[in-house]
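Enquirer: let's see this in three dimensions:
(chains A and B)
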Amino acid sequence: MSQLEELITKTKEQVFTAEFPVIDGEGFAKVEKYAKRLKPWFVAVNATDNTAAHAHASNVASAIAMKMHGIEPIMQVVCRDKNRLAIQADIVGASLHGIENICALTGDDVTAGDETEARRVFDLDGPQLIRLATTISRGEYMSGRKIDPAPHLFVGAVENPSAPPFEYRVQRVAKKVAAGAKFLQLQISYHPDRLEKFCNGVVAAGLDRHVALLPTIVLIKGARPLKFMNDKVPGINVPQDVIDRVEKSTDQAEEAYKQTLELSQHALSLPGVRGLHVTDFRHDDTLERLMTDLGRSPRSLN
Amino acid sequence: MPKLLPLIEHVVKGPVWDCQMCGQCVLHSTGMTCPMNCPKTLRNGPCGGVREDGNCEVKPEMRCVWLKGYERSESWPLPKVWKEEFNHLRPPVDNRLKGDSSWINFFTKRDRWTPKGWANTTSETEKH
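Expert: Prediction:
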């Protein structure tokens, strides 16, 4: 059983996960650097799968490299680039290396990336992918062919609490839970009211007993990345007053930090929320500062 | 007849629903909105990329297919059982059926076939 699974299913402790930076040509040096940085604070870290439709070192290879460097990976799998055969091969192949945590995503469209001429696959969608991973963990491929012994997997997914249709998003959680998701990393929300409504809805539907909600928070240095997310990242809307607050302050980096801390504290106060998923675009000392301000202590010292 | 039916189906459903002839029609359970018109061909609801104005991540000028389906499923006087099916987990598309008449596949129940692994997980889940 992975540490992530144990923490979520056997304890009531807070769960903090993070996003591993993408790997291109930097080799194991980069893996080592970020493993060292993230390991004290996070139980498990996402090995991304061609994030924002840009090609990088693969999810499987990155997850293996992270594991080699002492970080427990959560292997993201998106539906955009591969058909069901290739996806099954990746999941079973990763499991060969002891990778158990799977995070199933539909994935950004190819139009979000830098090779928009590529063919989009979407042979499966997000909920179907969750069900497929669950099927593999039962010891069968999609076809019913046996996998013996069954690979032990801990399957989760993502959800966007702040994208229309808002009132439908909770039903989508129900569908993902029915498909087999045990945790949901939520897309960053700059609308605390929407996140609150979403979490209340998940709890009112009794779904928090089956799935751990991990809202994403993002560490950024100023107003420019907020504008970028608003303009370029599918499904993220940043209200003008959120941008203005950072842009009009005399110390953008400090104001951006304060805003992130407030969003984090608010998210952690919501029902059904088990922890946070942290994406760090600053790569400075604010990661440690944030974790300390949230009352966390390095895991190695626990 | 088997060749004529897909043609008739296409002529009937094409202009009204922009039918893509997937051969396994789920229109009744998706708010009378064809999910194969979603650029990602998602069969199980909207992705996380829906824009603030309700339009599609991929085609900014187009309303999200699933948003449309959801609104119709809520507001149109559709049979209750169809509305309930909106939230069902629909299996992956059977690519062998593309171009077939979904009417024939409905009556022969061919459109309800799912791979054995999927079917086994479904029946196991429903037990709990």
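
Enquirer: pull up the gap between A:Gln259 and chain B, please.
Expert: 20 Å (Cβ to the nearest Cβ, to the nearest Å). For glycine as for every other residue, the C-beta is placed from the backbone atoms N, C-alpha and C.

Enquirer: contacts for the helix or strand harbouring that residue?
Expert: Element membership for A:Gln259 (DSSP states H and E) is helix A:252-268. With Cβ atoms under 8 Å, 6 or more residues apart in numbering or on different chains as the contact definition, helix A:252-268 has outside contacts at A:14, A:189-190, A:192, A:195-196, A:215, A:217-223, A:226, A:242, A:245-246, A:249, A:273, A:275-276, A:282, A:286, A:289-290, A:293-294.

Enquirer: can you count the residues close to B:Lys98?
Expert: Look at B:Lys98: counted by other Cβ atoms under 10 Å in any protein chain shown, it has 13 neighbours.

Enquirer: cool, and the one 10 residues further on?
Expert: Look at B:Thr108: counted by other Cβ under 10 Å, it has 10 neighbours.

Enquirer: report the buried residues of the host helix or strand of A:Ala29.
Expert: A:Ala29 is part of helix A:28-38, with elements assigned from DSSP H and E. By neighbour count with 16 or more other Cβ atoms under 10 Å in any protein chain shown, helix A:28-38 contains the buried residues A:30-31, A:34-35, A:37-38.

Enquirer: so what's the residue nearest to the spatial centre of chain B closest to, chain neighbours aside?
Expert: Taking Cα atoms, centre = their mean as the criterion, B:Val26 is the residue nearest the geometric centre of chain B, at 3.7 Å. Excluding the flanking residues, the one nearest B:Val26 by Cβ to Cβ, 6 or more residues apart in numbering or on different chains is B:Arg90, at 5.9 Å.

Enquirer: and that neighbour, what pLDDT?
Expert: pLDDT for B:Arg90: 96.

Enquirer: wait, a strand at it?
Expert: No. Per DSSP: H, G, I helix; E, B strand; the rest coil, B:Arg90 lies outside any strand segment and is coil.

Enquirer: picking up where we left off before, tabulate the buried residues of helix A:28-38 (JSON lines), appending distance to chain B and pLDDT.
Expert: What follows is these, written out as JSON lines (distance: Cβ to the nearest Cβ, whole Å; pLDDT from 0 to 100):
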{"residue": "A:Lys30", "distance to chain B": "28", "pLDDT": "97"}
{"residue": "A:Val31", "distance to chain B": "28", "pLDDT": "97"}
{"residue": "A:Tyr34", "distance to chain B": "25", "pLDDT": "96"}
{"residue": "A:Ala35", "distance to chain B": "28", "pLDDT": "96"}
{"residue": "A:Arg37", "distance to chain B": "28", "pLDDT": "96"}
{"residue": "A:Leu38", "distance to chain B": "24", "pLDDT": "97"}
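
Enquirer: hang on, the earlier thing: wait, the residue nearest to B:Val26 touches B:His28, no?
Expert: No. Applying Cβ atoms under 8 Å, one finds B:Arg90 not in contact with B:His28, separated by 11.9 Å.

Enquirer: higher neighbour count, these two?
Expert: Between B:Arg90 and B:His28, counted using other Cβ under 10 Å, B:Arg90 has the larger neighbour count: 20 against 15.

Enquirer: any idea how far B:Phe86 is from the closest residue to B:His88 other than its chain neighbours?
Expert: In space, and not counting its chain neighbours, B:His88 is closest to B:Ser29: 6.4 Å by Cβ to Cβ, 6+ apart. Separation of B:Ser29 from B:Phe86 (Cβ to Cβ, to the nearest Å) stands at 6 Å.

Enquirer: in the stretch 51-200 of chain A, which spans are helices?
Expert: Using DSSP state H, counting those that start in this stretch, the helices of the stretch 51-200 of chain A run over residues A:59-68, A:84-96, A:126-137, A:169-179, A:192-204.

Enquirer: show me what contacts the closest residue to chain B within the stretch 201-302 of chain A?
Expert: Residue of the stretch 201-302 of chain A nearest chain B, by Cβ to the nearest Cβ: A:Pro234 (3.4 Å). Shown in contact with A:Pro234 (Cβ under 8 Å, 6+ apart): A:108-109, A:112, B:48-49, B:51, B:57.

Enquirer: how many other residues sit next to A:Lys258?
Expert: 14.
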